[in-house]
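J.: Sequence first, then the predicted structure, then my questions.
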Amino acid sequence: MNRAVCVGFCVCFAAAVTASAAEQKSQPAPVRVQFTDLTLANGLRVQLVEDHGAPVIALNIAYDVGSRNERPGRTGFAHLFEHMMFKGSSNVGDGEHFYQVFSNGGSMNGTTSNDLTWYFETLPANQLELALFLEADRMRSLEITQEKLDNQRNAVQEERRLRVDNQPYGRADEHFDELFYSNFAYQHSTIGSMEDLNAASVADVAQFFKTYYAPNNAVLSLVGDFKPNDALALIRRYFEDIPRQAEPPPVDLSEPEQKAERRETMSDPLARATQVQIAYKTPVGNSPDVYALRVLSSVLQQGDSSRLYQILNKEKELVVGIGGFVDERIGPGGLYIGATVRPGKKAEDVEATIYSEIEKLQQQPIAQWELEKAKNTTRFGYLQGIRSASSRATQLGSFTVKFNDPGLINTRVAGFEAVTREDVQRVAKKYLQAKSRTVLVTNPAPPPAAAPGA
Amino acid sequence: MKPLIRLFGGALLAWTTLCAAQQQGTQESPAPESLKGVQLKGKAPVNPQTLRVVLPRAQEATLSNGLRVALLEDHKLPTFSLQLLLTGGGLDDPANQHGLAMVTASLLREGTTERTSRQIAEQLATLGGAFSASASPSSGETGIGIGGLSENADKILAIAADVVRNPAFPEAELAKYKSRFVSQLQQQRATPGFVAQEEFMRAVYGTHPGSYVVPPENVLRDLTRADLVSYHKAHYMPNNGIVLAYGDFKLGDLVQKLERAFGNWPKGEVRAISLPALTPPAKARVLLVDRPGSVQTSLWLGGLGIERRSDDYFAVLVMDHILGGGPASRLFINLREDKGYTYGVQSFFNGSRFPGVILATTDVRTQVTEGALHELTAEVRRIGNEPVPEDELKKAKRALVGGFALSLDSPQTLLSNLATQKIYNLPADYWDTYPQRVEAITAADVQRVAKKYYDANRLQLIAVGDAASVKKVLEQYGTVETPPPAAAGAAQ
């Protein structure tokens, strides 16, 4: 059994112990995801990874559309539309998609982000044709009715209540991007407003489908236990005659240069502690400085070895939690820092400490161990991230839609390896400036007696 | 802040226990009547065969000091992951110290006789190593997770062994931990799901350790360094544990590495866990926690379930799957797809050395609380009152058995299956025979366990929501009790 797993695997990952790698013993052998990448006559991009390591197939269809493509008055539409994709097509009944997948031992879901929308299912390998049939039928012939739209509008509005309106800081999270971005494309939330969800019509759904759910606007990534020629033949059979559509209109994602700090304070009746959210503008995703910014973020706020955890949580005991990330998008992104202030402590002190730590990053290079930490944790995370068939399929689709480069699944680690301590200091100076930051402080309402008099 | 929105919520709980397969499926049949929210057109090319898969076998060894080791070799990637399970957990906490095992585990990495808290954090991070340790007040084990890049395995194991074997439990770190924990708890209690869970567990378990989602605050406040030292001494010993591993090792290599890190860890005297008696709730109750202005009502409905080794396990597994095990289940199709009351609804059960809970849960907008509660209770009643149609039963079994293929792509699932078999002393061929056990369940079994565990006379109904709006609705289900909101973590 173990031998079989290994053999199957080697088809997919060439664990290339090349001559040069063998010489440099400190460098571990690179692991690669081997994939093919071709485009069908109708513009559908198809990527295949053959891996006989487990008897499963993972199919991912990424559509080049997200909430960035929405227009004013229709926020939340891309995600509402995602729900409609499970409501039936010419040969698949309402709800049948997930019913068939789950009833045959599979799992599936759909996800909408600001940049893209993706649909995925993992099934036992002998159900490959089922997966392709289900995805192709809805790409070809989604059935849209008022009743189905109203039904999913309810589910989505309930989702908004669950995630945003009924959670502490839910509204603050949403408001943050309204403050941070100036361009409508990223300024509004993916879940959308209740009013706009109410306004969505059947005509909107039909138009959105025609514009964005065309084969030439999609990437099909298939990973798993199949013979590539057989799989490709099936893919051609089900997908290749779905008609191509006109290219969707481009979206301007550019942001005007921020010239001064943006700051707001809000109150939240569901919150019990003050929350401080800070973000700095960063360049578009996958640009060289973003790799250095991610190393910086790791040093500053990843895990209990990070500078902010040590000083804010352990030493000064000012926060309940601290952490953040670099948001990499097709357009401009941000380095986010979030802290929840302990009862009786002051948000101003938390902020001041964060800025003082950022200043240190600007004044001195990070320690060697910190650079190693960022690289090793990144590499470990990368390896974990390519383990399952479904995560490989999702990554291929996402890198293709976002950066037109599925090869990033293999090359990104090298991008981190190249970062130096000086790079980190340089990007700290360049991007983490007071004038390019946005700050949102959320206080519990009504403020408890013990809270600082804010 | 990460704006990812999924079709289904995160609480996809019930499909992880999946198993090997070799039965013949059936062709698609028309939609069973119970599936009012799903339309099957019968054109999808379903392969009628259920995929036959073979489970990888764990290789086993025992270190010189009695520490048992089981390995699933996996050379896909140059990484490893292992779990050290120590018997005891919160179930072996002294009666007035529920939470001691949890705090002991949490404090391990806050300093050893060789390293400070900060050194541990920095050294592990530098290697890209992962270390976690946890026990809950109701867990039967303390679980310690260790992982990282294979090339750093020796160094990571050396730090992990120091942390597990030589914790110093510094007074100052204990004080910091308590303060952190109380602040975090205050946060958690701002979310309706956490409040509902705490209330539900209290209603089902009374004074049994199962009732504690988190330790009582007076216990936490009074715990001393000496308590931690004593718990550690009594439970952290090689002959009280087992290492479950997967990754880029041969068994011989792994044993060598573990001998280096843990080989001279001395044996100790293992004591048996004695569990307090547990009786199901005496009567049905309705509890409403007021959350003024809440735009949703969180509903939990259920009671006391089964032990992991119960003879009813497979019947409950199938019943739970039919009722609320995912998007093809009755609850989802009715409350979400047909009625549009909710974003997510599911049923759930668990069980360990003592009977777990069995429940159905959903969050619905305040205005439809009445309709949602009506459907939720009706579905729970129906599965106990009517035999499940043969088609629907077949589908559920096919999903449970067929999905086993997916676990072969998830070492974590394989490892967790292995842990279950070891912890509960299940037969060595337990997972191999799992499909037959699922297949053997009949409609009568499903109905019997539904009636038995969703017992109308003992059902606990918890609602967290805007009392002014929903109290009248709940009164239709019994006398409404309104427990005071949990102390918000009386932080000082």
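T.: Perfect, I can see it now.
J.: tell me which element the nearest residue to A:Asn69 once chain neighbours are set aside falls in.
T.: Residue nearest to A:Asn69 in three dimensions, not counting chain neighbours: A:Val251, with 5.7 Å by C-beta to C-beta, 6 or more residues apart in numbering or on different chains. All C-beta spots, glycine's among them, are computed from the backbone N, C-alpha and C. Using DSSP states H and E, A:Val251 falls within no helix or strand.
J.: Likewise for the one 4 residues further on?
T.: Using DSSP H and E, A:Glu255 sits in no helix or strand.
J.: what do you get for A:Phe98?
T.: Counting by DSSP H and E, the element that carries A:Phe98 is helix A:96-103.
J.: Give me the buried positions along stretch A:388-405.
T.: Across stretch A:388-405, burial judged by 16 or more other C-beta atoms under 10 Å in any protein chain shown covers A:388-403.
J.: isn't A:Ile354 right next to A:Tyr309, touching?
T.: No - taking C-beta atoms under 8 Å as the definition, A:Ile354 is not a contact partner of A:Tyr309, at 11.7 Å.
J.: more neighbours, the two?
T.: For A:Ile354 versus A:Tyr309, the count of surrounding residues by other C-beta atoms under 10 Å in any protein chain shown is larger for A:Ile354: 25 against 20.
J.: wait, what's in contact with that one?
T.: Residues near A:Ile354 by C-beta atoms under 8 Å, 6 or more residues apart in numbering or on different chains: A:276, A:278, A:308, A:312, A:337, A:339.
J.: isn't there a helix covering it?
T.: Yes - assigned with DSSP: H, G, I helix; E, B strand; the rest coil, A:Ile354 falls within a helix.
J.: Look up how far A:Ile322 lies from it.
T.: For A:Ile354, the distance to A:Ile322 (C-beta to C-beta, to the nearest Å) stands at 8 Å.
J.: need the contact list for A:His175.
T.: A:264, A:266, A:440.
J.: now these in CSV, with pLDDT?
T.: Formatted as CSV, those follow (pLDDT from 0 to 100):
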residue, pLDDT
A:Glu264, 97
A:Met266, 96
A:Leu440, 97
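J.: Name only those of these that count as buried.
T.: A:266, A:440.
J.: Nearest to chain B among the contacts of A:His175?
T.: Top of the list for closeness to chain B, among the contacts of A:His175 and by C-beta to the nearest C-beta, is A:Leu440 at 10.3 Å.
J.: Chain A contacts on the stretch 51-200 of chain B?
T.: Contact residues, the stretch 51-200 of chain B versus chain A (C-beta under 8 Å from any C-beta of the partner chain): B:51, B:53-54, B:56-57, B:73-79, B:109, B:117-118, B:121-122, B:124-128, B:130, B:147-149, B:151-152, B:176, B:179-180, B:183-184, B:186-187, B:189-192.
J.: hang on, B:Ile417 packs against B:Tyr424?
T.: Careful, residue B:417 is Asn and not Ile. No - using C-beta under 8 Å, B:Asn417 is not in contact with B:Tyr424; the gap is 11.4 Å.
J.: quick one: which of these two has more around it?
T.: B:Asn417 (23 against 16).
J.: And the chain, split by domain according to the record?
T.: No chain in the question, so chain A it is. According to automatic domain parsing, chain A comprises the domains A:1-32, A:33-239, A:262-444.
J.: that answer is for a different chain, and I need it for chain B
T.: Taken from automatic domain parsing, chain B resolves into B:59-262, B:285-481.
J.: so how far is the last one from its chain's centroid?
T.: A distance of 14 Å separates the centroid of the chain from that of domain B:285-481, by C-alpha atoms, centre = their mean, to the nearest Å.
J.: Apart from its chain neighbours, what residue comes closest to A:Gly106?
T.: A:Leu123 (3.7 Å).
J.: Just the local confidence number for that neighbour, please.
T.: We have a pLDDT of 97 for A:Leu123.
J.: Please work out the angle formed by the directions of the strand or helix carrying it and helix A:96-103.
T.: Taking DSSP H and E as the criterion, A:Leu123 maps to strand A:117-124. Interaxial angle, strand A:117-124 versus helix A:96-103 (axes from the mean of the first three to the mean of the last three C-alpha atoms, to 10 degrees): 40 degrees.
J.: Looking at the stretch 1-150 of chain B, which residue is nearest chain A?
T.: B:Gly128 (2.8 Å).
J.: tell me, what residue is most central in chain B?
T.: B:Asn350 (6.7 Å; C-alpha atoms, centre = their mean).
J.: oh sorry, the question was meant for chain A
T.: A:Ser113 (6.5 Å).
J.: Any idea how many residues pack against the residue of the stretch 301-450 of chain B found nearest chain A?
T.: Of all residues in the stretch 301-450 of chain B, B:Gly402 sits closest to chain A, with a separation of 2.6 Å (C-beta to the nearest C-beta). Using other C-beta under 10 Å, the number of residues around B:Gly402 comes to 29.
J.: which SS class is the residue nearest to it when sequence neighbours are not counted?
T.: Setting aside the residues directly before and after it, B:Gly402 is nearest to A:Gly105 in space (C-beta to C-beta, 6+ apart), at 2.6 Å. Following three-state DSSP, we place A:Gly105 in the coil state.
J.: Tell me who's in contact with A:Gly105.
T.: So A:Gly105 contacts A:123-124, A:127, B:18, B:21, B:50-51, B:398-406 (C-beta under 8 Å, 6+ apart).
J.: Just the buried subset of the residues of the stretch 51-200 of chain B next to chain A, please.
T.: Buried among those by 16+ other C-beta under 10 Å: B:51, B:53, B:56, B:73-79, B:109, B:117, B:121-122, B:124-128, B:130, B:147-149, B:151-152, B:176, B:180, B:183-184, B:186-187, B:189-192.
J.: and A:Pro243, how many neighbours does it have?
T.: 10.
J.: contacting residues around the nearest residue to A:Ser90 once chain neighbours are set aside?
T.: Nearest non-adjacent residue to A:Ser90, counting by C-beta to C-beta, 6+ apart: A:Ser141, 3.8 Å away. Under the criterion of C-beta under 8 Å, 6+ apart, the contact list for A:Ser141 reads A:89-91.
J.: between these, which is nearest A:Phe176?
T.: The closest of these to A:Phe176 turns out to be A:Ser89 (C-beta to C-beta; 37.1 Å).
J.: how far away is the closest one from chain B?
T.: Noted for A:Ser89: a distance of 9 Å to chain B, by C-beta to the nearest C-beta, to the nearest Å.
J.: Just give the number of residues close to that residue.
T.: 22.
J.: before we move on, what about the one 3 residues further on?
T.: For A:Val92, the tally of surrounding residues (other C-beta under 10 Å) stands at 27.
J.: before we move on, back to that, quick one: the nearest residue to the residue of the stretch 1-150 of chain B closest to chain A once chain neighbours are set aside from A:Gly303, how far?
T.: Nearest non-adjacent residue to B:Gly128, counting by C-beta to C-beta, 6+ apart: A:Asn376, 2.8 Å away. Shown here: A:Asn376 relative to A:Gly303, a distance of 12 Å by C-beta to C-beta.
J.: Quick check: buried residues in stretch A:185-197?
T.: Buried, per 16+ other C-beta under 10 Å, within stretch A:185-197: A:185-194, A:196-197.
J.: name the element B:Gln83 belongs to?
T.: Going by DSSP H and E, B:Gln83 is part of strand B:79-87.
J.: Other residues contacting the next helix or strand after that strand?
T.: Sequence order places helix B:100-107 as the next helix or strand after strand B:79-87, per DSSP H and E. Residues outside helix B:100-107 that contact it (C-beta under 8 Å, 6+ apart): B:88-90, B:92-94, B:133-137, B:139, B:142, B:144, B:167, B:169, B:173-174, B:177, B:181, B:215, B:219-220, B:223, B:227-228, B:231-232, B:235.
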